[in-house]
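K.L.:
output the structure for:
(2 chains)
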Number of protein chains: 2
Amino acid sequence: MNFDIVEIIGLIAGIITSMGFLPQLFKGFKTKKLDDVSYFMPTVLSLGMSIWFVYGFLTNSIAIMTANTFGTICCIGLIVMKKIYS
Amino acid sequence: MNFDIVEIIGLIAGIITSMGFLPQLFKGFKTKKLDDVSYFMPTVLSLGMSIWFVYGFLTNSIAIMTANTFGTICCIGLIVMKKIYS
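P.N.:
The predicted structure is shown next:
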């Protein structure tokens, strides 16, 4: 595990992409409407991000593991929220 | 550049996460409605994925560069589509 400049860039990228799903979750929570959001998007993304997690594990990248764990949780949250509101 | 098993896992993850935005684009194109989709989600994600691209470049990972280029294009497409349909 190395916390060099490259890993810091990865962490910044990870924090930003992780936060990317939060506005959608907040919007959904506020409007209680997620009809226009596709079920497939968070489903496919959470599958992909789980594999990114494996990639991060194999390449020993904390940034990739952290970002994709948080992203997967947000996507699952979006699926559950859409299910509840529909 | 190394195309070993780790990079192949990364490529698979990249292909899946890249495809993740396509169902949302198709749904938006079909229904011509993206009201429930937050502007912030694709905006923040494309910013984050641009930084992931830099990370992929610095770590010499074709998988990360490819996935995030395609993902960024999809997110920009989503922003443009929402702008047109609203």
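K.L.:
does residue A:56 count as helix, strand or coil?
P.N.:
Assigned state for residue A:56: helix (three-state reduction, DSSP: H, G, I helix; E, B strand; the rest coil).
K.L.:
I'd guessed residue A:44 sits against residue B:15; true?
P.N.:
No - contact criterion CB atoms under 8 Å: residue A:44 and residue B:15 do not qualify, at 10.3 Å. In short, each C-beta sits where N, CA and C put it, glycine included.
K.L.:
and the two? Which one has more around it.
P.N.:
Neighbours per residue, other CB atoms under 10 Å in any protein chain shown: of residue A:44 and residue B:15, the larger number sits with residue A:44, 21 against 16.
K.L.:
contact partners for the nearest residue to the more buried one once chain neighbours are set aside?
P.N.:
In space, and not counting its chain neighbours, residue A:44 is closest to residue B:20: 4.0 Å by CB to CB, 6 or more residues apart in numbering or on different chains. With contact set as CB atoms under 8 Å, 6 or more residues apart in numbering or on different chains, residue B:20 has these partners: A:40, A:41, A:42, A:44, A:45, A:48, B:71.
K.L.:
what's the residue closest to the geometric middle of chain A?
P.N.:
Nearest residue to the geometric centre of chain A (CA atoms, centre = their mean): residue A:71, 1.3 Å.
K.L.:
just the angle for the lengthiest helix in chain A relative to helix B:62-85, thanks.
P.N.:
Selection of the longest helix in chain A by residue count, based on DSSP state H, yields helix A:62-85. The directions of helix A:62-85 and helix B:62-85 differ by 40 degrees, with axes from the mean of the first three to the mean of the last three CA atoms, to 10 degrees as the criterion.
K.L.:
could you pull up the mean pLDDT of helix A:62-85?
P.N.:
Averaging pLDDT along helix A:62-85 yields 93.
K.L.:
same for that helix, what does it pack against?
P.N.:
helix A:5-19, helix A:22-31, helix A:40-58 (3 or more CB pairs under 8 Å, 6 or more residues apart in numbering or on different chains; DSSP states H and E).
K.L.:
comparing those, which comes out most buried?
P.N.:
Mean neighbour count (mean count of other CB atoms under 10 Å in any protein chain shown) peaks for helix A:40-58 among those, with a mean of 22.
K.L.:
distance between that helix and the chain's centre?
P.N.:
9 Å (CA atoms, centre = their mean, to the nearest Å).
K.L.:
just send the contacts of residue B:20 back as TSV, with distance to residue A:30 too.
P.N.:
Formatted as TSV, these follow (distance: CB to CB, whole Å):
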residue	distance to residue A:30
A:40	23
A:41	19
A:42	18
A:44	25
A:45	22
A:48	27
B:71	26
